[in-house]
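>>> Quick one, structure for this:
(chains A and B)
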Amino acid sequence: MTVTEPHIEEAKKDITFRVFRFNPQIDSKPYYDDYTIQVERGITVLRSLNYIKEHLDATVSFRAFCQAGICGSCAMRVNGLSKLACTTQVWEVLEKCREPNVIKVEPLRNLPLVKDLIVDMDPLVDKMKHYSNWVESTMPEEKMGKKEFLISEEEFLKYDKATDCILCASCVSECSILRANSEYVSPAVLLKSYRMNSDSRDAIHDVRLAELVKDHGVWDCTHCYRCQETCVKSIPIMDAIHGIREDAIERRGMKDTSGSKHAEAFMSDIEKKGKLVEATLPIRTNGMAWTLKNLLPMAMKMIVKRRTPPPPPLVKPTKGIRVFRSMFREMSEHVREDHKSHNK
Amino acid sequence: MKRYAYYLSCINESMTKEVDRSIDLWQKDLGIELVKMHESTCCGGSNLDYVSPKHFALVNARNIAIAEKMGQDLVVSCNTCLMTIRSAKKKLDETPELKKEVNDILKKEGLEYRGTSDVRHLLWVLVDDVGIDAIKEKVKVPLTNYRIAPFYGCHILRPSKVLGHDNPVEPSSLDQLIEALGGKTIPYEHKNRCCGFHTLLVAEEESLNVAAEALEEAIREKADFIVTPCPLCHTVLDGYQAKALKQAGDEKNSIPVFHLSEMVGLALGYTAKQLGIKRHIVT
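Numbering: from 1, shown residues only, chains lettered A, B, ... in the order given. Just a heads-up that it's a prediction; the model follows:
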């Protein structure tokens, strides 16, 4: 009888890489090719793909460069999830295999396919340009290069994490709304806009913000947190999205867009009743005409099923609302004080 | 009988009353008592946190403080309330100066946020506290012949740093519950995806596209029904179902969507009428 140490038993395995293949110039539809190779523990998905390309099939196409999680070129979907092939070890993803030891490798979603695992990043670049995601300097041209342009550490901490973004587009690939509409701004672009809008050296904050609150902009995010969850640099992307919204409400007021009106309804209802008055939420968000046009047929169905939310007078305030309201208003005082000292 | 402080979600008080109604039917059968927190307020529904981060901290510190005063964990049956209140808790626990500021105000009501009560979803209570084996023993009408699509929804999984119960990629608690009740879970790609609820009034077309994909997969996989632990997901998947499928070009198919609490109720022997299932738009 031979005894095999478990760690030796597991040190090498035959793994099948089921690779998405599609060359739009030749193929009528996509297909998958299986490549089975022996992989040692510790080997990454990218090393495996390189091996396949060098030894088994030179026609498999993918993008890669630094092999160290820095350049962001090799983002792809491994067993369904968008990540960097170069920082993903084969052993890490074995548990997620539908078929034992078969790893599915597919291109990122939500970007046009070029070939096999390569997607076209141009739509993302175009959106970065559309929202002017660079520092448009407040320093006059003639002073450039002659004077240091310092920012405080406190300011930098606000967008330190956002600067970690390597534009790999994993978040773009996972975004629920982008999947529903390719015109949506996308999480990576919002993250970058937040970073630029928080930079005191930047001169076009208001212009950028005005663009961000338009259709397909910051208010269309549906808070699914898939971007943040998949981020290869663990950047809290939703904090940036919420940061833009907070800024939009503070600077442009709440009466501006349906997104901000919708958000404001929560604040005012909680202060008044301690709970949400759902019946009038669509009207307060989009106006009466929109509500009648879009929601009337459904409202009829809901009436039949007796599941319409109660009209405002029938929404009973929460127990102890008076004390609650006074506390809520006391906090409003604090917020006003904060704004005053912030603006000084 | 294990007791919990039960948080009243706005939507369960208005559009999805069947959730609390069905829980009231069976909670004692499973040896738990959910004591309703009538003084609690709206959590801010994943919106107040950016409209006013400080009010967000205050109202949810208060919500948790009420549960702490009752000496119990706070239990919710809405994903977004879960995520929102847990986010506030995390922020309060990590920011002593915010906690102090909030507690100075809460004194007015004789409340203090200490951070002693956990904030949990009813699904977690069922799986972890009541336990799969105990639930199996109580089943009267096993869901043997049903193929069930488990739709977890976002805010019971993500952000995982706030939620931390299930693996956000391969969640399992709802699958375990379905199997304990005798049902069969189907492989369902959309189990951890989004329903589109939070943009329904702001970007309706996009939201309905998101919902349609989840519905279409369940229909394609021949599920008998979808089950969800979130009344917001239910509102989209049931209430907006016809509109979403029509937008996706499907005017023929439909699929029932059950609340977690109704599915449990069915297996414990309660009727569709008792559980309020007839109030759904798709029946």
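>>> confidence score at residue 263?
In the absence of a named chain, this looks at chain A. Per-residue pLDDT puts A:Ala263 at 91.
>>> was after chain B, sorry
What the model reports for B:Met263 is a pLDDT of 98.
>>> How about the one 3 residues further on?
The per-residue pLDDT reported for B:Leu266 equals 98.
>>> Would you mind pulling up the elements that the host helix or strand of it packs against?
Assigned by DSSP states H and E, B:Leu266 belongs to helix B:260-267. For helix B:260-267, the elements it packs on are helix B:18-26, helix B:122-124, helix B:173-180, strand B:225-228, helix B:272-275, judged by 3 or more C-beta pairs under 8 Å, 6 or more residues apart in numbering or on different chains; DSSP states H and E. All C-beta atoms are positioned from the backbone trio N, CA, C, and that covers glycine.
>>> for the shortest one, packing partners?
Here helix B:122-124 is seen to pack against helix B:173-180, helix B:260-267 when contacts are counted using 3+ C-beta pairs under 8 Å, 6+ apart.
>>> what is the mean pLDDT for the helix or strand just after it?
Downstream of helix B:122-124, the first helix or strand assigned by DSSP H and E is helix B:132-138. Here helix B:132-138 scores 98 as its mean pLDDT.
>>> So is stretch A:40-54 next to chain B?
No. Applying C-beta under 8 Å from any C-beta of the partner chain, one finds stretch A:40-54 separated from chain B by no less than 15.9 Å.
>>> Contacts for that stretch next, please.
Identification of contacts with stretch A:40-54 by C-beta atoms under 8 Å, 6 or more residues apart in numbering or on different chains yields A:10-12, A:15, A:17, A:19, A:35, A:37, A:39, A:60, A:62, A:64, A:67, A:74, A:76, A:78, A:84-91, A:93, A:103, A:105, A:117.
>>> Sitting in helices, which of these do you find?
Per DSSP state H, helices hold the following members of the contacts of stretch A:40-54: A:Val90, A:Trp91, A:Val93.
>>> what about A:Arg21, neighbour count?
Using other C-beta atoms under 10 Å in any protein chain shown, A:Arg21 is surrounded by 17 other residues.
>>> got a list of what it touches?
Listed by C-beta under 8 Å, 6+ apart, the contact partners of A:Arg21 are A:Asp27, A:Pro30, A:Tyr31, A:Tyr32, A:Asp33, A:Val60, A:Asp116.
>>> so what's the last one up against?
A:Asp116 is in contact with A:Val19, A:Phe20, A:Arg21, A:Phe22, A:Asn23, A:Val60, A:Ser61, A:Phe62, A:Pro107, counting by C-beta under 8 Å, 6+ apart.
>>> Quick check: pLDDT value at the last one.
On pLDDT, A:Pro107 comes in at 98.
>>> What of the fifth one?
Per-residue confidence at A:Asn23 stands at 97 (pLDDT).
>>> And for the first one?
As summarised for this prediction, A:Val19 has a pLDDT of 98.
>>> How many neighbouring residues does the closest residue to B:Asp118 other than its chain neighbours have?
Sequence neighbours aside, B:Asp73 is the residue nearest to B:Asp118 in space, at 4.6 Å (criterion: C-beta to C-beta, 6 or more residues apart in numbering or on different chains). By other C-beta under 10 Å, 20 other residues sit near B:Asp73.
>>> Next, work out how far apart B:Asp73 and B:Thr144 are.
33 Å (C-beta to C-beta, to the nearest Å).
>>> With pLDDT and secondary structure added, can I get the contacts of A:Arg21 in TSV?
Formatted as TSV, the contacts of A:Arg21 follow (pLDDT from 0 to 100; DSSP: H, G, I helix; E, B strand; the rest coil):
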residue	pLDDT	secondary structure
A:Asp27	97	coil
A:Pro30	98	coil
A:Tyr31	98	strand
A:Tyr32	98	strand
A:Asp33	98	strand
A:Val60	98	coil
A:Asp116	98	coil
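>>> who wins for neighbours among those residues?
Neighbour-wise, the contacts of A:Arg21 (other C-beta under 10 Å) top out at A:Asp116, 22 neighbours.
>>> Quick one: neighbours of the residue nearest to that residue when sequence neighbours are not counted, just the number.
In space, and not counting its chain neighbours, A:Asp116 is closest to A:Ser61: 4.1 Å by C-beta to C-beta, 6+ apart. By other C-beta under 10 Å, 16 other residues sit near A:Ser61.
>>> again, but for B:Leu106
As a burial measure, B:Leu106 scores 18 neighbours (other C-beta under 10 Å).
>>> so what's it up against?
By C-beta under 8 Å, 6+ apart, the contact set of B:Leu106 is A:Met327, B:Leu58, B:Ala61, B:Arg62, B:Ala65, B:Glu112, B:Tyr113.
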